[in-house]
Structures are given as structure tokens and as C-alpha cells.
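*Asks:* Pasting the sequence and the predicted model now:
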Amino acid sequence: MFLKPKTKRNREIAFIWMLLLPALMVYLFYRIIPLLWNFVLSFSFWSPGKPFEYAGLYHYEEMLFYDDAFWTALKNTAVFMLATPISIAIALGLALLVDQKIRGRSLYRTLIFLPYPMMVVAVGIVWRWLYNDSVGLINYVLRSLGLIDQPIAFLESYSFAMASVMVAAIWQIVGFFMIILLTGLQNIPAHLYEAAVIDGARAHHRFWRITLPLLRPSIFLCVILGVIASFTSFDLIYTMTGGGPGLATELLITYIYKASFTLSRFDYAAAVTIVMFFLFLTLATVANRLAGGDAGKVDIAD
């Protein structure tokens, strides 16, 4: 039988833990334990049906010194992450536009945000059709305008495949970033702009000295969400290209999937997962430092 807390403070703490416990249990079983299991597995030789054997740093040595496919996937992931700053720049421009007092701005906000709630697989299928070299809309428009003579196989080309996938990723997420940045814009006190106007500050000065610094937490949030999306964009890549042609659009997440479920090398895939996890932590830390070290901090003193 549980002992009843004696003081009001202890009862409040116990009640808070009761509310948090289900979420913490889910987080433990679906996040912490799998991560720890991956860490252990990365130092072993193991696959379903085979005994567990200690491997030391064998998988990490293979990954870093002998696996060209890993380095290609890492490079592609870095290139794919460039979609994040491009998306943020476009979203900031759109947020500044729809923040103005223009007719129909609510409609514009809705239309820009609309792609984000769509299923990623659906987005991949739509863009595969748009890029199709036989019946795709993009090739049809380009040929109608006389810009090309022959259709371009965007998703089958080493030159165009990665850029084509990045365009689809930007199209889907830019509306979400716009909403985040628009919220940040609307939380900037109007009297700061009024004081700047009285002091004679031009529009670009107000943007660089007031808008951008005060949007730092919102931009940081967009950066983190964009980095997460870059590391976890399995659905979009697998639907549109499957990592091809060759390894042209192979990301770390798709490489982990193929190592696990195509090659049945769960131990090696676990090692790649651990490397990807620490890469993400490093990028998040660097982004936080560049944002001032306290981006995302919430002040609840009031």
C-alpha cells in the first residue's frame, strides 16, 4: 500500500509524477531503450538467428575506412540539409508578406501551409508524377515553352535527382516554417518599430536590427526541425527514388534501412545509427551556440 504524502508540496509533486509517468514510460520504451540497444548492438556481431558475439570497433572501422557507400550517404545527407536554410529563407519572405495588411492574407496563409499536413508518401507520389518524363507536368510545360527539346528524366538522372527531391521537401515544409516565423513576427512588440521609425531607421535597418534578432528562437526551432527532417526523410526519398539512381539520393536513413532489412546486417546498421545520432547532437549543439546559447528557452517567471 502506497504511503500518502504528508505535505501539500509533496502531494503536488506526486501528482505531477503521476501525470508524467505514462509519457515517460512511452519515451523510455520507444526512445531510450532502443537507443541503448543500438549502442550495444553496434559493438557486436548479431543478426536474427545468429548468436551474439562481441565485435569491438569492427563495424566503426569498416564504416569509416572501407565503406564508400556510407560516405556517399553522409555527403548526400549534408547536401539534403541545404534544403533547410533555403526553406527558412523562403518561409521568412512569405511570413513578412502575409504579415502585411493585405486583402486575402488568411487565404494566402492557408494555401501556403496546405502542403505540410499531407502524407509524405502522397507528396512523393505527386512529385513523381510531376517529374515524369512521359506524362509529367513539368516536362510538358518546359517543352511547351520551347525551353527543352527532349524530356528530362529528373528522378533517373544523377545530375537532377537530388535537387528534384529537395524541391519536393522544400515545397512541403516551407508552409510550416512560415507559420512558426509568422508567430514570431507577431510577438515582436510594435513599439520597437515605432521607435525605430521615429529615429529615422530605414526598412532594411529595422529588419536587421529588430526583426531578425528577435526571430532568433523561431529560426532556431526551424533549423532543428529541418535538421531532424533531413535525417529522417525516409518516406519521401524511398517513394520518389528509393535512394537511386545508384547512390545519387541515398541518405543515411535509407542506407540504415537497406543495411538492416535488405542485407540483414542489423549490427552494422546499429553502428551507422549511433554515428547519425551523434552527428545530429553535434549539429543541434552548434545551432544552439550560434543562436546565442539559450534559443528555445522559455521564461515562466511571470
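*Replies:* It's in.
*Asks:* Look up how far T7 lies from the residue positioned nearest the centre of the chain.
*Replies:* For the chain, the residue nearest the mean C-alpha position is A229 (1.9 Å; Cα atoms, centre = their mean). Counting by Cβ to Cβ, to the nearest Å, the gap from A229 to T7 is 46 Å. No exception for glycine: its C-beta is placed from N, CA and C like everyone else's.
*Asks:* Could you do T249 as well?
*Replies:* Distance of T249 to T7, given as Cβ to Cβ: 59 Å.
*Asks:* In terms of neighbours, single out the busier of those two.
*Replies:* Neighbours were counted for T249 and for T7 using other Cβ atoms under 10 Å; T249 has more, 27 against 8.
*Asks:* which residues does the residue nearest to that one when sequence neighbours are not counted contact?
*Replies:* Closest residue to T249 apart from its sequence neighbours, by Cβ to Cβ, 6 or more residues apart in numbering: T241 at 4.5 Å. Counting by Cβ atoms under 8 Å, 6 or more residues apart in numbering, T241 touches 155, 161, 165, 248-249.
*Asks:* what does G244 give?
*Replies:* Counting by Cβ under 8 Å, 6+ apart, G244 makes contact with 156, 161, 250.
*Asks:* what about 10 Å?
*Replies:* The neighbourhood of G244, defined by Cβ atoms under 10 Å, 6 or more residues apart in numbering, consists of 155-156, 158, 161, 237, 250, 254.
*Asks:* ok so, going back, distance check, the residue nearest to T249 against V126.
*Replies:* 14 Å.
*Asks:* wait, doesn't Y58 sit right on F43?
*Replies:* Yes: with contacts counted by Cβ atoms under 10 Å, Y58 reaches F43, the gap being 8.4 Å.
*Asks:* surely I210 meets L192?
*Replies:* Yes: assessed by Cβ under 10 Å, I210 is found in contact with L192 at 5.3 Å.
*Asks:* if you count what's nearby, which of the two comes out ahead?
*Replies:* Taking other Cβ under 10 Å, I210 and L192 do not tie; I210 has more neighbours (17 against 14).
*Asks:* list the contacts for that one?
*Replies:* By Cβ under 10 Å, 6+ apart, the residues touching I210 are 188-189, 192-193, 195-196, 201.
*Asks:* Also S47?
*Replies:* 41, 260, 263-269.
*Asks:* which secondary structure element contains the residue lying closest to L41 once chain neighbours are set aside?
*Replies:* Leaving aside its sequence neighbours, L41 sits nearest to A270 (Cβ to Cβ, 6+ apart; 3.8 Å). Using DSSP states H and E, A270 maps to helix 266-290.
*Asks:* what's that helix packed up against?
*Replies:* helix 33-41, strand 44-45, helix 58-65, helix 68-80, helix 216-232, helix 252-261 (3 or more Cβ pairs under 10 Å, 6 or more residues apart in numbering; DSSP states H and E).
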